[in-house]
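K.L.:
Sequence and computational prediction follow.
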Protein chains: 2
Amino acid sequence: MYNTKAYAAFSASDSLQPFHIERRELRDNDILIDILFCGVCHSDIHTAKNDWHSTKYPVVPGHEIIGRVQKIGKKVSHFNIDDIVGVGCMVDSCQTCTSCQKGLEQYCLNGFTGTYNGKDKISGAYTFGGYSDKIVVQENFVLRIPQNLDIAGAAPLLCAGITTWSPLKNWNVKTNDHVGIIGLGGLGHMAIKLAHAMGAKVTMITTSPQKGKDAKRLGADDILISTDKEAMKSAYMKFDFLLNTIPVKHDANPYIHLLKTDGTMVFVGAIEPIEPIHMGLLIGKRRNIGASLIGGIKETQEMLDFCGEHNITSDIEIISIQDINQAYERIVKNEVKYRFVIDMNSLKQENKE
Amino acid sequence: MYNTKAYAAFSASDSLQPFHIERRELRDNDILIDILFCGVCHSDIHTAKNDWHSTKYPVVPGHEIIGRVQKIGKKVSHFNIDDIVGVGCMVDSCQTCTSCQKGLEQYCLNGFTGTYNGKDKISGAYTFGGYSDKIVVQENFVLRIPQNLDIAGAAPLLCAGITTWSPLKNWNVKTNDHVGIIGLGGLGHMAIKLAHAMGAKVTMITTSPQKGKDAKRLGADDILISTDKEAMKSAYMKFDFLLNTIPVKHDANPYIHLLKTDGTMVFVGAIEPIEPIHMGLLIGKRRNIGASLIGGIKETQEMLDFCGEHNITSDIEIISIQDINQAYERIVKNEVKYRFVIDMNSLKQENKE
């Protein structure tokens, strides 16, 4: 067992506090990872606050993990000591169902094991995430990080990156396609970078004119202010594909007008009922509504390799683990551009002086 | 000009009454059709009652037209006198836009011309539909009816048939796919027949246990009563494809549970806002919502030829034009199995004795 430091939430109302956890002894295919950085995802907050009514306390959030291989199990064949690796939202799945066989572990018919608040398929113990100094993960769920990438900025690729990459690839976004990214937060800013690097003509669609400049810096060709009725009219039927990253309930009908015939809007943000969709808007142009959850392990590696080739990382603000509760408050107020990443050295040094 | 008899609605509140209209002289590519039968579609009622706030009175409904070629324009090359032909929901489109070029005239970027309540692209006159003894239509929008088909039963293929065929083909329904048809009315009963003939495993999904027997006769392999919670649970993730023919606002979330990963539910009935969709149900399994409008001319001919090969027609009740107002009442009460078809001889004989 590895005695490790962590930060955990102990109830929905308390702030995160220091916690000690035991990580399991290495099974034959396991890797012990010394965590260097961990991104802070909005899901971490939802889970810490039990917004989805499924939190098992104490919970150690964090599923955008970058670290260094410290030790490997007997049968680990694809990783070596000191490799820089990543762990995303999943640490296991059945690996035998039709979804897993297709490399879609996120849709595992037997349920994937979340990196935190999941249930280990062997021991039955709840999993603890990346707000910690070490983690043990089986090698099938460990990703390689391209050497040229800034490793702190690479952390959010493991969740925000793959969550936007997977739908862009699955719905076959191509060079010169008109792609609209709705909402400029952690997901939206990654979507702009990735779609731009794929060669798409990218429009940032946002309510906030002040986000325009930033969107262009990130790679957007164009900005569409969704509260500007004339601008929305002139973008009627402009888009082949829309990625909707708005994280809360909203009226998506104004965006449907923007889709071409056979166009698709994919939701990756709102995990709740949205305002009634007018089916006439879909019927009249054979438009589609889709939705997508993170991404499979194979495609996560493909995304990381693509980011290596195009030198894409997330725009981040590095924080200490001791700042995590203030960071949560700022995320809720949408005051981060565009992702907090915890430097885990701050945890390792805690109480050392 | 051809002086023709018809039945028209003169306001939203009045019943349909006899009416005389002039059909245009044949343009070079036009065909004069002697109408033999015309199906009664729910859209006819919506238009007569101005439910969609777009009716230009007087309106002559009817877009499931079967007739005999009586006269052809100088340049008509694909039809001969006495051919048995059909006319569906469209009588013109721009024929030059990207949609028309793909054979998707129903999504014409310049707007297709409806068979009734549409505006002729040349004269600007409003079009009059098939509750009439004759109609003039350009040959590109005239379909061939396979000789072996009962011509009265073939009439509803021109709207109910193509409206269900087009999505089954567009979403690539294949042999042994599990297909669920939601709602057993005019559209639903055609969908069962077509999906069954395509080799799919067809389940009729309905609130009414008494519709079960009929669905099996029509070709359904299985019946799922949507009010039976246990049955719905056991059909969780059973279907590759769902065709939702429910014609009114409803809660579609219980049906989304029935879709496999990457499965799609396509709406062809409700042209209005539906109850809020829970995006979590889509996200969790990358499920899709689509929608579809009638079908293009080329695929309508393919559907008719397929129906010829498989001897598929609609289950109909033949009525006289003089019964049209009672028929509307019965349709609104859902008391028809499954389509009324007007024998146009009743109009031709009117006031003759």
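P.N.:
The structure has been received and is ready for your questions.
K.L.:
Using the three-state scheme, assign A:S54.
P.N.:
Recorded secondary structure, A:S54: coil (DSSP: H, G, I helix; E, B strand; the rest coil).
K.L.:
how far away is it from A:L158?
P.N.:
A:S54 sits 21 Å away from A:L158, going by Cβ to Cβ, to the nearest Å. (Glycine included, C-beta is placed from N, CA and C.)
K.L.:
pLDDT score for A:E272?
P.N.:
Note on A:E272: pLDDT of 87.
K.L.:
try A:E353
P.N.:
Here, the pLDDT recorded for A:E353 equals 57.
K.L.:
Tell me who's in contact with A:G88.
P.N.:
By Cβ atoms under 8 Å, 6 or more residues apart in numbering or on different chains, the contact set of A:G88 is A:63-65, A:115, A:141, A:143, A:158-159, A:162, A:294, A:300.
K.L.:
Spell out which residues of the stretch 1-150 of chain A are next to chain B.
P.N.:
A:99, A:104, A:107, A:109 (Cβ under 8 Å from any Cβ of the partner chain).
K.L.:
My guess is A:S15 contacts A:N325. True?
P.N.:
Yes: using Cβ atoms under 8 Å, A:S15 makes contact with A:N325 at a distance of 4.1 Å.
K.L.:
of all the contacts of A:G88, which comes closest to chain B?
P.N.:
Nearest to chain B, judged by Cβ to the nearest Cβ, of those is A:I294 at 9.6 Å.
K.L.:
Please report how far that closest one lies from B:R286.
P.N.:
A:I294 sits 10 Å away from B:R286, going by Cβ to Cβ.
K.L.:
Neighbour count: those two, which is higher?
P.N.:
A:I294 (26 against 23; other Cβ atoms under 10 Å in any protein chain shown).
K.L.:
Is that one in a helix, a strand, or coil?
P.N.:
Following three-state DSSP, A:I294 is assigned to coil.
K.L.:
what residues are up against it?
P.N.:
A:88-90, A:106, A:159, A:162-163, A:166.
K.L.:
Who wins on neighbours among the contacts of A:G88?
P.N.:
Counting neighbours by other Cβ under 10 Å, A:E64 leads the contacts of A:G88 with 33 neighbours.
K.L.:
Can you classify the residue nearest to it when sequence neighbours are not counted as helix, strand or coil?
P.N.:
In this structure, A:E64 finds its nearest non-sequential neighbour in A:G39, 2.9 Å apart by Cβ to Cβ, 6 or more residues apart in numbering or on different chains. Secondary structure state of A:G39, per three-state DSSP, is strand.
K.L.:
you'd agree A:G39 is up against A:G161?
P.N.:
No: with contacts counted by Cβ under 8 Å, A:G39 stays clear of A:G161, the gap being 9.6 Å.
K.L.:
For the two, indicate the residue with more neighbours.
P.N.:
A direct count of neighbours by other Cβ under 10 Å for A:G39 and A:G161 places A:G161 higher, at 32 against 29.
K.L.:
does that one count as helix, strand or coil?
P.N.:
helix.
K.L.:
cool, and A:Q70?
P.N.:
Here A:Q70 is recorded as strand under three-state DSSP.
K.L.:
which residues does the most centrally placed residue in chain A contact?
P.N.:
By Cα atoms, centre = their mean, the mean C-alpha position of chain A lies nearest to A:C159, the distance being 2.0 Å. For A:C159, the contact set (Cβ under 8 Å, 6+ apart) comprises A:39, A:41, A:43, A:63-64, A:88-89, A:294.
K.L.:
Over to A:I274?
P.N.:
A:I274 neighbours (Cβ under 8 Å, 6+ apart): A:249-252, A:267, B:276-277, B:279.
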